[in-house]
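In: whatever this is, show me its structure:
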Amino acid sequence: MREVILRILSAEAEAGRLVAGAAARARVLISEAKEKAGQLLETSAAQAGLEAGQAYNAALEEAGREKAARLAAAAAEIEKSSLRLEKARRAAVDLVVRAVLGDR
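Out: Numbering: from 1, shown residues only. All right, here's what the predicted structure looks like:
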């Protein structure tokens, strides 16, 4: 039972790390988009503004997709851990019932 709880806590911690990783990746993508925007501004202010907006939006969309994928993976892992915990809990209850009532 303790192992299952530890696995759930571990899965939750992993989900937190995945979310933090997705956020860090989003910051990197946004930083890269801003850098590209700066380079484009040097060549043509009007064109660069349009392209920077597109690059920024693309980076945000990519970061959103990546974050959603990581969150979905983390949620699936937490769900699996939760199911294992439920099975372990049921087994523990059955064991206690058999111990109290005997094998009838």
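In: quick one, helices of this structure?
Out: When secondary structure is read from DSSP state H, the chain shows helices at 2-43, 45-101.
In: quick one: low-confidence ranges for this protein?
Out: Across the chain, the ranges flagged by pLDDT under 70 are 40-41, 48, 103-104.
In: on that earlier part again, reformat the helices of the chain as TSV; add mean neighbour count.
Out: All C-beta atoms are positioned from the backbone trio N, CA, C, and that covers glycine. TSV is the format used below for those (neighbours: other C-beta atoms under 10 Å):
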stretch	mean neighbour count
helix 2-43	14
helix 45-101	13
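In: residue contacts, the residue most central in space within the chain?
Out: By C-alpha atoms, centre = their mean, the chain has its centre lying nearest to Leu71, at 2.9 Å. Neighbour list for Leu71: Ala15, Leu18, Val19, Ala22 [criterion: C-beta atoms under 8 Å, 6 or more residues apart in numbering].
In: would you list those residues in a markdown table and tack on distance to Arg65?
Out: A markdown table is the format used below for the contacts of Leu71 (distance: C-beta to C-beta, whole Å):
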| residue | distance to Arg65 |
| --- | --- |
| Ala15 | 17 |
| Leu18 | 14 |
| Val19 | 14 |
| Ala22 | 10 |
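In: list just the nearest of these to Arg98.
Out: Arg98 has its nearest neighbour among those in Ala15, at 35.4 Å by C-beta to C-beta.
In: I figured that closest one hits Ile78, correct?
Out: Yes - counting by C-beta atoms under 8 Å, Ala15 does reach Ile78; the two are 6.1 Å apart.
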